[in-house]
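Chemist: quick one: sequence and predicted model below, then my questions.
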Amino acid sequence: MNEITPIVPEASVNAPARRRRRGRTLFLGALFLGAAAVLTTGALQAFGLGPFRSGACSHMDPAQVEKKIDRIAGWIVEDLDGTPEQQAKLAAIAKAAAKDLAPLHDELVAGKQEVVAILTAEKVDRAALEAHRVRHVQLMEEASERLVAAVADAADVLTPAQRVKAAEKLESFHSRFGH
């Protein structure tokens, strides 16, 4: 009697390397998203928005923004056991980003009034609403590109060990709030 043996494909020789690359990719992606979240929160805080404010969309003068950025950069560097030079570089990166993002913020705030005017008119102008949406998406794209550049610049200032520590702190923060 002939015995049939199932054919079991051999494990791929490259499977461990693929798993390492996948893990590295996931780690770097999480690190990037974490750094982006930290800088975005800092930028929103600098504009008077974010989770640590009452939600008012108030405008801050540049001196207030710079003071707040210095304070946030100090917290970040202190948490990561950084140097005063790193703090100065991070603050300079964040201040430049805040300066570049301020006009976009002002335009987005003004856009809220435009939407209200469109939606409260006797007849809703769908073309104007669509034009507003397109402009809003364009502004958000510009802001996103600028934030990504700032995150990359800030990551260059930190050591690999500090970036790992930042990712761990961010993961801990997110896990406390169910993210």
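Modeler: Alright, I've got the coordinates.

Chemist: now for the longest helix along the chain, which elements pack on it?
Modeler: Using DSSP state H to define each element, the chain has its longest helix at helix 84-120. Under the contact definition 3 or more C-beta pairs under 8 Å, 6 or more residues apart in numbering; DSSP states H and E, helix 84-120 sits against helix 15-46, helix 62-79, helix 126-157. C-beta coordinates here come from the backbone N, C-alpha and C atoms, glycine included.

Chemist: so which elements touch the last one?
Modeler: Contact here means 3+ C-beta pairs under 8 Å, 6+ apart; on that basis helix 126-157 packs against helix 15-46, helix 84-120.

Chemist: looking at the ones you listed, which one has the lowest mean pLDDT?
Modeler: Lowest mean pLDDT of these: helix 15-46, a mean of 63.

Chemist: what residues are up against the nearest residue to Asp100 once chain neighbours are set aside?
Modeler: Of all residues not flanking Asp100 in the chain, Arg146 sits nearest, at 5.3 Å (C-beta to C-beta, 6 or more residues apart in numbering). For Arg146, the contact set (C-beta atoms under 8 Å, 6 or more residues apart in numbering) comprises Ala97, Asp100, Leu101, Leu104.

Chemist: now Pro62
Modeler: Taking C-beta under 8 Å, 6+ apart, we find Pro62 in contact with Lys99, Ala102.

Chemist: change the start of the numbering to 36 and stick with it
Modeler: Yep, numbering from 36; the last one is Pro97 now.

Chemist: that one and Val150: what is the separation?
Modeler: 28 Å (C-beta to C-beta, to the nearest Å).

Chemist: do the same with Leu174
Modeler: Leu174 sits 13 Å away from Val150, going by C-beta to C-beta.

Chemist: ok, now Leu115?
Modeler: Note on Leu115: its distance to Val150, by C-beta to C-beta, is 40 Å.

Chemist: more neighbours, the two?
Modeler: A direct count of neighbours by other C-beta atoms under 10 Å for Leu115 and Val150 places Leu115 higher, at 20 against 14.

Chemist: need the contact list for that one.
Modeler: Counting by C-beta under 8 Å, 6+ apart, Leu115 has contacts Leu193, Gln197, Lys200, Ala201.

Chemist: in JSON lines: those residues, plus neighbour count and secondary structure.
Modeler: Supplementary listing: these in JSON lines, determined by neighbours: other C-beta atoms under 10 Å; DSSP: H, G, I helix; E, B strand; the rest coil:
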{"residue": "Leu193", "neighbour count": "20", "secondary structure": "coil"}
{"residue": "Gln197", "neighbour count": "18", "secondary structure": "helix"}
{"residue": "Lys200", "neighbour count": "16", "secondary structure": "helix"}
{"residue": "Ala201", "neighbour count": "20", "secondary structure": "helix"}
